Structure formats: structure tokens, C-alpha cells
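Chemist: sequence first, predicted model second:
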Amino acid sequence: MDELDHRKIFNKIIFKELEPSVLNEEVIRNAVYEQGPAGEAGRLFRQMEIQYEKVTVLRLEFLNILKIDHLWILPNLSILSLAFNKIDKIENLDSLTALKELNLAYNSIEKLGNLDKLRNLEIFNVFGNKIRKIENVDCLENLIIFSAGNNLIDTKDGLERLRFLKKLRSLNLKGNEIEKNDKHFRLYIAGLLPDLTYYEYRHINKLEREEGKDRFRFKLREIVDNEKFEVQERERIKQATADRIHHTACFVEDFDDDQLFQSLFVFTNDGQGQCLLEIGEEANNLRDEFRYQTYAVTQTIFKIGLDEYEKRTNEEKVFRHCVAVGKKEVQVLGQNIANEFLERSENIFITLKKIYDDYYNGSLKDADTSLIAQQVKELSEEFQKLYDTTWKSLMENEMHMHECVVEAISTFENIIQDIMNVFIEKCKTQFVLLRELEGNFIDGLIEAVQTFVTTKASFGMEDQIPSELRESLLDREIINGYAIGMREMHLSKIDGREDTLILRGKKWVADLCEKLMKDEIDRNRQKVMEINYFLDIKQSKFDELTSELYFDKDVDTVDTPTTATIETHQDDMLAATTN
Amino acid sequence: MMKELMATNKKNFRRQYKELYPTRRPLVLAVENECKVQKFVSTSIRPTTFIEFPELIDNWQACASFIADHIEYEPLENPTKIPTRLHSPDLVLKSRKGNSFEMATLLCSILIGLGFPALVVSGYATREVTTNDQRRVKCPYIPEKVIEPIFKEELDPKYRLKDPPFLKSHFLMQCEKKKLDAENAILEEKKRQEMLKLEEFERPPPDPENGYRTHAWIAMIKNAPWCYKAEFKIEQKDDEEEISNEPMAFFIEPSTGFVHKLTDPCYQGIESIWNHQNYYVNRQYGKVSIAEMKLDLSDTESWEHFLPGEPFELRKEKVPNEDEEEDETPAEDQALAIEKHLDMPTSWVEMLHVSAVDFEERYVGGEKKENYKYCIYEKYAPYKNTDGLMKRLTIYKTLEYEEPLNVYEWYENRDDFMVKVHRNLIIDEITEEFEKGRNDCLKVFIYNVDENEKIVMKFYSKSRFDCLKEVVYHSNYIEEKYDENRRDLIYYRKFFISDSGSTLITRNIEKIVEKFNRNEKKDAYHDVAIRHFNRSENQVFVQFHYASDAITATTKTFIKPPRSEKEAKFDPSTIEGYIANPWAKQMNDLELYYLLQELMKDEEKSVDCFHARDTEIKEILQIRRQQIAKPLLKFSIFDPLRNESARKMRLQKFEQMKTREMLAKSQQADFLAPYLVRFEDKKPERDEIDVAIQDCLRDFRKNYEDMINELQHRHDEATAELNSLKRFLNRYMDQFSVQEYEKFIQEGENIERYRKIIHQRIIAVKEESNRKYGNLVESIPGRLKQISENKGVSLAYGDSCED
């Protein structure tokens, strides 16, 4: 009571419109209900439990919201309006990846940002805010309409970033400081954004575009020069990511260039003989030669990887196609059987119903009841027979298909295994070659270093010898020690790369086949369940019909045993399948 | 000289032949032509190409059938004797009739002209062939139903799923099979007996003169060395060079244009064979049948040549050896020896010609009727029939052409694009086929004489906006089939109409069945496959698509809320149906409600569709009725014979040009005309006319005076130049070299000549001006009279103008 009074008082004192509110589940729920279907559909909608993941459109306007929050409960939202609120920061929108339209008009936003995750955004409206600069929008690759009118934008900086939005067609910056003081602003935009079609919702004609390009040609040239590098970089990264995905699928990632070689000369701790390379010309030559040879080998591996990938995908395609065709055939067969069963059982039901009706109409005499019992018995026998044959043929088909598919999968497994083994073998030979090359390199290096040290020492120029090597004047073994360290490091890297390749390859095969098998088993179970469910429903319907007749007549010759036997039979079959 | 040589050769050949084969009939060597002059048969062949008819070029089948259609066949006067006349092919083409020899010669001329290896064959044939009686020949024009082969994809055997195991006893199967076989054998035997009986029945009565009837036809030699056509070359494989060199052949019957094999029993013997280059007598006659005959014409053992030596193309190529190169003289002698023989004289026949009109008319009188076994085939020239009928094939039940069973008709140039009609008189069904191009895109139209039967319409679905493929129209139902390109994926729809017997306008739809293709974008449990709108029971039945690998599909039966209540309460418990996948998530109430709403909306749409379709079909039927009743023909604008308006226009233009020319020729130049223009509208006064005449004469004179003055001026110039040259020469005569001097002399002569020419022209112009002036003055009074008559001015024109 007390609380209620408080409310009343509050409502009296404070204008409700001015009271700031918080975005929470209740607000969202109310909005969802309010904007949900109306009429009869609305009634049904309210009856159901609210499904936030099905909401795709939501308006949260005039609610004096201060902070964007709690919207992660609507993951599939595609159109969101938060206009006419008191939001001052764009935040907490990262989970709304499906968002296509975002309306933040008439808020108090001061800075654009936190839009990186909204990759699918097409329409973005921040009209009537307090934004000072266009920034952080070049990540919205799919943006088509962008409205930032009536803001406080007073700098042209950042506008050139819109050139990266290739799909942007409509832009509105009316009512900003820059636009007010510059009568050529429209021309500037026309020249700056070649893909833009509408500025301030008016079509940009050719003349404007040409004039804009002409008037601001120096500025434009500067901008183009500045962004050139970034454009190239973006392009390169895009290409590289796509390539890397493909190469990883081929198991030869980082083989397209000399990454392996580079990794060989990344020294992580002492004792790996980095100092051996500091003897100058000689070592560099050896290194270059080694680099050249490794590059040839890695290229071979790379090529093998791409080729083998092609082979594997083709094989998989053929296999999947064959199995799909076979499954389709059996499926159609099963559908026909099921339909036939439906038709025939329907006939039986109709006859039964007729008998039932006749019986209850009371037009029959006692003498006929036995006849009816006889008829019902015949019918139930017929139904059971139908049930049996249908079940049997359906299950037979299914079992046979399952066996065939399993067999096909194992064939496929063998073949793909063979292909993978061939690939691995091929790679292995290349890796052996790599190790040999590495050995040669190290041997050459030792010799070179020794000669270097000896020569330097004999000419009395010890000060030119790197400090770590100076000790070798006393102990020859030190050079060898360094060399062994380097060698070990190299070998461990090469071996590690080889191991990843082999392991991943084998894992891929194993995963693929396991998944195929699992899917097939799941499918088989599902199918068996479907068959039994389908027939059981019909059986229960039949039982229902007959029991009504028997209930009255006390003729307890119901074929429960038959059903029971069938069920046990089914269990056997099921057990067989799962095994 | 040549002819005499040929004549002696002929006589000689004939004598030898008689000596060698006393029992054989005399050869067809030289026969009288239309002028009663004996001509050697080879020279009657006149190789000709009809380049004006592109359909004949490089197509021997078309040529053969054209000749067979174009020329009326006449049997020989005395069928067992050799022919007494051989009209030239030229005359045959003009008179449009000929016997087998004439037709064979004509066809051979055309085929050789087109480069085919054709020869005329003289020999013996059956009575049916010689009298062109085809009443026992199976008709080659009966359309056969084309069965499209079912394409089955060949799967990779290593992954192909095995067929289910065979669980029946093979022994029992075999027993069954044996039993069946035995039954079949009895049936087969029965069938064979019947066939034999039928054959016996169909066989014509025996012919007492069998084997003695003279006939001529065409032989086409395959692999002939002189023929360059690719289709008549048997491909030579590298490994079997020797075998494939043997020439092959087939026959063409000129009276029918049909192709016959060598083994065909209708040809009974070959006496001789010839083309425009040589004449060959068969030496294998009586020894072997036609099929076994050797056809290598260069083999003199089998074929006696009329002219010794071979025509150029038939000669075997001599490979010049290295030895022969050394002594050249013997090689030359050899060449001479090869060339030293008689060549066939060129043909005496005129160039063959068929006019475009004749070619289009094709048949004698524009139509031809052919009797075949159980059927009659009628052919007509284009535009001969007002309904565009080109060919009609009637199939009868008996050999005497009673009780027609099937009628096929082929049409051309029809305005309604109909090309074929098949009337099945047994079940009274009519099938009309159409070309692309109709506004309603109709392709096939099947209907029955009895109007209550169903009507089937097939359409060119690609050209229709609604992708309609087929409609079956019946008083109780309308069935529609669509192709797969529709956006709503419907492919089948059927409306059941209650047979209330009332007027057709208020037909009541009882039930609508619709079937849809799978929409891959949707979940199978939400993608409707079949819907039934039971309008009489106020029910909607929906079946969804099968999910992948499912054998049962979800079904739902809705009971429609009464229409009066707009926002009726939705009760999900009234929905019945089977759920195929009870473990998956099911449709919630709201979705069900939406589904029902959508279904109800779609039902209304379907009802609209029904009415639209109903009207459309009725319209089509109406249009068809009109088109059948009043067939219209169309013609190409490029048709030189038919495009009447263009032709008229051209004729008119030509006529106009001609009259203009004639007019220009007949009229004299009217010098006065430009001066009379000013009086065009009003009557000229006399003094006005006087002024006009004076103007005319003055202008005329002035014109000539100007011309003379100009010429005089040039003349003076030339004289001055000549004089200056002379002076120049006189003064500096000594300082020139001889050549330079001569050059100047030459120049002087040129100027002199030019001067003389101008002088002559001045005289000529003066004469001409005087003469023309006289003419003009003379003609003026006559012209004035004309004017006065035309304009009604009374003029008493005196001689005032004569000065």
C-alpha cells in the first residue's frame, strides 16, 4: 500500500515524459508485445512464451533511455530504432550482428564508434545528435544509406574514409557546421565519393560530379595518394586471408613463400650458433644458397598440397553424390510404401467406421452382432497383415541401405586414406630433402667459420673475430658445438612442421570418416524411429476404433499378442541395427 | 565427223553384242528423240544445276522426290520391249510427263550436275514398279511416335549402393519362365501364322510377264573415284586399305523418288548402265544377282565399255618412278596412248530450266495422289488449297481403301500457325499442332468430336507469363500443369467442379488441389508440398514436403472459421494431422494461425485463377472455332510470287516510269513554257503574249550570242598566243637546241589545232542557232493556237514575230 502511494505521488509531482529510464528486459518485453501482431494473432502471441530470438524488428522510441543495454537477448534483430532517447554513447551493440538498420536519430551521441561488429548494417541514421566528426565508420562495408544531418560536424577530416564504403549510395550531412559555411560542400562530396548516388536525398548529376572533381582536384589527388597504400594493404590482407584458408585446407599453409626458411633463422636462445653467421660474406652466401634450395623444396610441397586437395575434394564429391542418389532412391521407395499403407489403412478405417455407425444406430439385430464381430476380426487381421508387411519392407529397405551406406563409407575411407597416405609420403620425401639440404648448409658453415677463424688468427686480426668465436681459438670444439646447436634447432623446426602436416592430415581423414559414420548412424536411428512412430500412430488409431466396438461387445479377441510379438521383433531389429 | 565416228562405233558395238549374247535383248543404245532422230543415250544426259532453288543443292533426296512429283509417270507403250522413244530431258520438263527412261535421264542429269555419282540403269523390274503401282508398298510417310530415351546417370561403381539382395528361388523363377516362354512361343507362332496369312492376302495376283518388263532407274555409286562428295566416300581406315576399295551402290526409283537397296527384289536385272561419259554393258548378266554384282566399272571383265579408255577421273593415277624420269620420251608416248581414245560427245540437249512458278507448283496441276498399302497420300502445292493444306495421309482399314481410320494433315502458311492435324476416327479425337508464334502460345490442342469429352491444350510454356504447360478442360474439372520456372513453385493445380447441371457461368468449385515443388530456401517442415481446399466441407488440407531422407511427411487439416466472423477465435485443437518428425520443434500456435490465414488468402487467389483460366480457355475455343471456320493464309514478304501488294507497287512504278519516258519522247521541247508561267492563273492578254514571245526570242538569241562570244574570245586568245610563240621563235631561233626547237614547234601545232577546233565550233554553233531559231519561230504560231484554245483567248496573231 505504502509503495503504491509513493508511486502516485511521484506521478503527480514529476512529469512522466522527463523521467529517464533504463533499457532492461521489461522494457524490451513490453515493446515486443506492443509491436507484435494484433487481433487474434496478438492473442495467440501473448499466450505463448516470449521468444526473443525470433524478434527481428523492434522500436524503442520516446523512452528516455540513457544507455544502450540488454539488447543481447535479441540476437536476430535486423531493424532497431532507438530514436528520440537520451543516449549519449553507442555501445553494447556488438552482439547484434544481424542488424541491417539502425536508427539512433535525436539522441545525444557525441562520438561515433563501437560499430565494428555490425558488418551487415545497411541503413544507419544518427540524425540530430552531437557528433563532431565522421569517424570509425569505414568498417561498415555494406552500408547503403547514411544520415548524419543536424550534428556538430565541423571538419572535413574523416569524410574521405567514406570512400572505402563501396556500397554507400545515399548520404546526408545537412545542418552541420561544415555544410553551413561552405556553399561548394555538395560539389566536394560529389567529387569525393564517386559511388554515391544521392546527397541530401537528391540525385547527384554528372555535371556536379565533374565540377566537384575539377574544383577539388588537388585535394582529391592528395586524398587518393594518402589512401593508396591502405587500399593496397586491404586488398592484400583480403587475398592473404582467403589464400590462407585454402592453403590450410590443403595442409600446406605457410608454404607459398619462404616462411619456413625464415623461421629457421629466428634464434630464441644462446647456444644455437647465431654467432656462426657473423663471419661476413661467406656465411651470407651459404645462407642465400640454402634459402634458394629450400624455396624450391617448399614450393614442391606447396604444389603437391594444392594438387592433392583437388583430388580429395573430387573424390569426396563423387562419393557424396553417389550416396545421395542411392539414398534418394530408397527414400522414394519408402515414401511409396508408406503412401500405399496409408491408402489401404484408410480404407480399412472407413469400413470399420461404417460398421461402427451401423452398430450404434441400432438398426442391427442380435444375430448380426456375431457377424459384426466376424467382420471386425477379419478387418483387424487384414490390418495386422498390412502392418506387418509394411513394417517389414520398410525396415528391410532401411537395413539394407544402412549396410550399403556403411560399406560405401568404409570404401571411401580406404580410398581417402590411400590418397592421404600418398600425399604424406610425397611430402615426407621432400622433408628428407630439406633435412639433407640443412646438413649440407651446416657442414659448409662449419668449414667456412673454421677457415675464417684460422685465417684471421694467422694474420693476427683476432679483433675482427666475433666475441663468441674468439674462444674457439683455444677450443676448436666450440664451433662444432654451436653448429650442433643450430642444427638441432633447425631440425626440430622442420620436424615440427612435418609432424603438424602429417597429424593434421590424418586427423582430417579420421574426423571426416567419423562424421560420415556418425551422421549415417544418426540417420538410420532417425529413420527407424520414424518408421515405428508412423506405424504406431496408425496402430493406436486402429486399436482405438476397434476397442470401442469390443468394449461394448465383450469380445476380447483383440490381437494384443500380435502387437506384442511385433514389438519384441522390432526391439530385436533395433538392437541389430544399433550394433 | 564425230557423229559418224560414234555411229560406226555404235553399229560395231551392237554387232559384237549380238554375236556375244545372242539370247539377250537388244541394248538400249540409241533411241529416237522428239524429232525422230536417233540419239545415243549418254548424250541425252545434260548435267545441270538448278542454282535458283537452294533446297535442291547438295540434296539428292530432294532432287529425286522433286522429279518424281514434278513429272507424271507414263508406263512404256510396250512394257516388255525396249523403249521406242527417248525425249530430251528438256522436253520432259516442259511437257511434265515421261516414261522411266526419260525420267531416269532427267534425274541423272540433275544429280550429275550437282556432283553426285549417278548413273542411269537399264534393266528389268516387277510389274508394280514399271506401272508405278504402290498399292502394296508400305507408306513411308506414316508418322511414328517418338519415344524419348530415359536418361539414367551412370554412377561411380565403387560407391554405388548395392541393390537389395534377391531373396527368391531361382529354380522356381526358371520354372515360371519356362512356362511363360512356352506360352509365348505358342502366341508367337499364332502371330506368325497370321502375318503369313496377311501377307498372302496382301500379295498382288501373279504376273505372267514377270522378269521381262523393261525399266530404267538410277544407281548411285558409293566410293566412286570421280565423286568428291564426302557422304559417298567410304572412309578408308589405315589398317584395312584393301577391303574398303570395293565400290558400293544403291538405287533411286525415278518414278517415286524412293531409295532402294541393291537387294530389293523389285529390280530383277541389269542390262546396261551409263552416264554422260560412257556406256557400260553388264557382262555378269544372268550369272549373279544384282546384290552380288561387282560394281567396279573399270573392271572390263564385268563391264564392257562402249568407249575404250577411261574418262579422266577414272584413270588410275600413275606414280612417276625414278626410273621413268630418266627417259622422258617414252613417258610422253605413254601419255599420248592414254589420251588416244574417243571421248563422249557433249550433250545435244538444251540447258534444263524450271521456272519458279513451276517449281512451286511442283505437282502436275498442283496436286498429286499416291496410293500406298492401306493408305492414300495426297500432296498439294502451297497456296493451292485455301486452307493451306499441303499433305494429307488417310489410313484405311482395308486394301480397297474403305473405312478410314486415321487422317493426318499437314498445313503450311496458316495464319493461325497450325501445322499438323491428326484425326483419329476410331475414338473421334482430333489433335492439332501449332508452331510457335500464336498470341496464346498454344502448342497442341486435343479435342473430341463429342463436346462433352475433355479438351487438352498444351502450350509453349517458355513464352507464357504464367509458365502454363498444359490444361485439361472438362466439364467436371480443370487440370493445369506448369513448368518449373514459376516463382511460387506450383507445378500442378486441379479444380473440381460440382456437376450441378446448371449454366456454366455459375460453376461451383468443390475442391482445389495444388502441388508445389520444393523450395530449398525453406525448411522442409515449413514448405508446403500439397494443399487441398475442400470448399464444400470448408476444410483445408496441407501436406508439407518430405524432409531429407524421410518417408513420411507432415500433414495438417484445418477447419476454416466461418467467413462472417472476421476475427474468429483460433483454436489449435481443431487441427488434425500427422507429424512426421515429433522430435523436432513444432510449429507454434501463432505460426499455425498465420499459415491458416495465408491458406485462406491463397484459396481466394486460386478461385480467381480458376475464373481467369475458365474465361481464357473459352476465349481460345472461340478463336479456334473462328480460325477453323475461316482459315487465313499468310505469306512471306520475300515471296516473289505471293506478295501481291509489293508486286502491284513494283508494277505500278514500272508502268509510271514507262509512261513518263514515252511522254518525254513524244513531246518536243516547249521553249515558250517558262514565259507562260506568269499567266498560269489568268487569261493572257494579247500584248502580254507578245512581250512573252519577244522575251523568249531575245533570251534564246542572247544565250547563243553569249556562247559564240565566249568561243570567239577563246579563239582570239589562241591566235594571240600562237603569234607570240611565232615571234619568240623567230627572234631566238638560233639559241635553241634541236630538241627544244621541236618541242616549241609541237606546242605551236597544238595551239593551232585548238584554234581550228574552236573556229569550227563557232561555225557549228552559229548554224545551230540559226536553225533552232527558225524552228522556234515556226513553232510559235502553233503553240499560240494551243494556248488560245486552252485558255480561251482569241488571238489573231499576225506575222509580227517573224522578224
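Modeler: Here it is on my side, so go on.

Chemist: residue B:139: how many residues sit nearby?
Modeler: 16 (other Cβ atoms under 10 Å in any protein chain shown). Where you see a C-beta, it was placed from the backbone N, CA and C, and this is true even at glycine.

Chemist: check what pLDDT the nearest residue to it once chain neighbours are set aside gets.
Modeler: Counting by Cβ to Cβ, 6 or more residues apart in numbering or on different chains, residue B:139 lies nearest to residue B:372, which is 3.7 Å off, once chain neighbours are set aside. If you check residue B:372, the pLDDT there is 89.

Chemist: name the helix or strand for residue B:354, please.
Modeler: According to DSSP states H and E, residue B:354 maps onto no helix or strand at all.

Chemist: contact residues of chain B facing chain A?
Modeler: By Cβ under 8 Å from any Cβ of the partner chain, the residues of chain B that approach chain A are B:153, B:155-156, B:158-162, B:164-165, B:546, B:549-553, B:567-570, B:578, B:580-583, B:588-590, B:593-594, B:597.

Chemist: let me know how buried the residue nearest to residue B:139 is, in neighbour terms.
Modeler: Neighbours around residue B:372, by other Cβ under 10 Å: 18.

Chemist: got it, and the one 10 residues further on?
Modeler: When neighbours are defined as other Cβ under 10 Å, residue B:382 has 19 of them.

Chemist: who's in contact with the closest residue to chain A within the stretch 151-300 of chain B?
Modeler: In the stretch 151-300 of chain B, the residue that lies nearest chain A is residue B:161 (3.3 Å; Cβ to the nearest Cβ). By Cβ atoms under 8 Å, 6 or more residues apart in numbering or on different chains, the contact set of residue B:161 is A:322, A:323, A:326, A:327, A:329, A:330, A:401, A:404, A:405, A:408.

Chemist: same check on residue B:478?
Modeler: So residue B:478 contacts B:471, B:472, B:494, B:495, B:497, B:610, B:613, B:614, B:617 (Cβ under 8 Å, 6+ apart).

Chemist: list phi and psi for it.
Modeler: phi -130, psi 130 (degrees, to the nearest 10).

Chemist: same deal with residue B:218?
Modeler: phi -110, psi 140.

Chemist: that one and residue B:117 touch, don't they?
Modeler: No. Residue B:218 is beyond contact range of residue B:117, at 10.5 Å (criterion: Cβ atoms under 8 Å).

Chemist: the two: who's more crowded?
Modeler: residue B:218 (26 against 22).

Chemist: beta partners of the residue nearest to that one when sequence neighbours are not counted?
Modeler: Excluding its sequence neighbours, the residue lying closest to residue B:218 (Cβ to Cβ, 6+ apart) is residue B:252, at 4.2 Å. Listed beta-bridge partners, residue B:252: residue B:218, residue B:259 (assigned using DSSP bridges).

Chemist: measure residue B:252 to residue B:184 for me?
Modeler: Distance of residue B:252 to residue B:184, given as Cβ to Cβ, to the nearest Å: 41 Å.

Chemist: higher neighbour count, these two?
Modeler: The neighbour comparison of residue B:252 against residue B:184 (other Cβ under 10 Å) goes to residue B:252, with 27 against 11.

Chemist: pretty sure residue B:265 contacts residue B:126?
Modeler: Yes. Using Cβ under 8 Å, residue B:265 makes contact with residue B:126 at a distance of 7.4 Å.

Chemist: in terms of neighbours, single out the busier of the two.
Modeler: Counting neighbours by other Cβ under 10 Å for residue B:265 and for residue B:126 shows that residue B:126 has the greater number, 19 against 11.

Chemist: quick one: the strands in the stretch 401-550 of chain B?
Modeler: B:404-411, B:418-424, B:429-434, B:442-448, B:455-459, B:468-473, B:477-482, B:490-497, B:509-516, B:528-534, B:539-544 (DSSP state E, counting those that start in this stretch).

Chemist: partner strands of the fourth one and their direction?
Modeler: Strand B:442-448 has these partner strands in its sheet, going by DSSP bridges: strand B:429-434 (antiparallel), strand B:455-459 (antiparallel).

Chemist: now those in a markdown table, with distance to residue B:349 and mean neighbour count?
Modeler: Below are these laid out as a markdown table (distance: least, Cβ to Cβ, whole Å; neighbours: other Cβ atoms under 10 Å in any protein chain shown):
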| stretch | distance to residue B:349 | mean neighbour count |
| --- | --- | --- |
| strand B:429-434 | 44 | 18 |
| strand B:455-459 | 53 | 21 |
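
Chemist: which of those sits closest to residue B:140?
Modeler: strand B:429-434 (20.2 Å; Cβ to Cβ).

Chemist: just want the angle from the closest one to strand B:404-411.
Modeler: Counting by axes from the mean of the first three to the mean of the last three Cα atoms, to 10 degrees, strand B:429-434 lies at 10 degrees to strand B:404-411.

Chemist: what about the residue in the stretch 51-200 of chain A that chain B sits nearest to, how many neighbours?
Modeler: As assessed by Cβ to the nearest Cβ, chain B sits closest to residue A:51 within the stretch 51-200 of chain A, at 8.2 Å. Residue A:51 is flanked by 12 other residues according to other Cβ under 10 Å.

Chemist: before we move on, what about residue A:429?
Modeler: There are 13 residues near residue A:429, going by other Cβ under 10 Å.

Chemist: in the chain, which helix or strand is least confident?
Modeler: In the absence of a named chain, this looks at chain A. helix A:560-578 (a mean of 48; mean pLDDT, DSSP states H and E).

Chemist: ah, I was thinking of chain B
Modeler: For chain B, judged by mean pLDDT, DSSP H and E, that is helix B:322-326, with a mean of 42.

Chemist: roughly how far is stretch A:425-441 from the heart of the chain?
Modeler: 38 Å (Cα atoms, centre = their mean, to the nearest Å).

Chemist: repeat that for stretch B:160-174.
Modeler: Worked out by Cα atoms, centre = their mean, stretch B:160-174 lies 56 Å from the chain centre.

Chemist: quick check: end-to-end length of it?
Modeler: Terminal residues of stretch B:160-174 are spaced 28 Å apart (Cα to Cα, to the nearest Å).

Chemist: that stretch: which residues count as buried?
Modeler: B:161, B:164 (16 or more other Cβ atoms under 10 Å in any protein chain shown).

Chemist: quick one: average pLDDT of it?
Modeler: pLDDT averaged over stretch B:160-174 gives 78.

Chemist: mind listing what's buried along stretch B:702-714?
Modeler: Buried-residue list, stretch B:702-714, by 16+ other Cβ under 10 Å: B:704, B:707, B:708, B:711, B:714.

Chemist: against residue A:289, how distant is the third one?
Modeler: Think residue B:708. Relative to residue A:289, and taking Cβ to Cβ, residue B:708 is found at 106 Å.

Chemist: with the first one instead?
Modeler: Distance, residue B:704 to residue A:289, using Cβ to Cβ: 107 Å.

Chemist: and what of residue B:50?
Modeler: Taken as Cβ to Cβ, the span from residue B:50 to residue A:289 is 81 Å.

Chemist: more neighbours: the two, which one.
Modeler: Shown here are residue B:50 and residue A:289; by other Cβ under 10 Å, residue B:50 has more neighbours (18 against 14).

Chemist: what's near enough to touch that one?
Modeler: B:56, B:57, B:110, B:113, B:352, B:354.

Chemist: again, only this time at 6 Å
Modeler: Counting by Cβ atoms under 6 Å, 6 or more residues apart in numbering or on different chains, residue B:50 makes contact with residue B:56.
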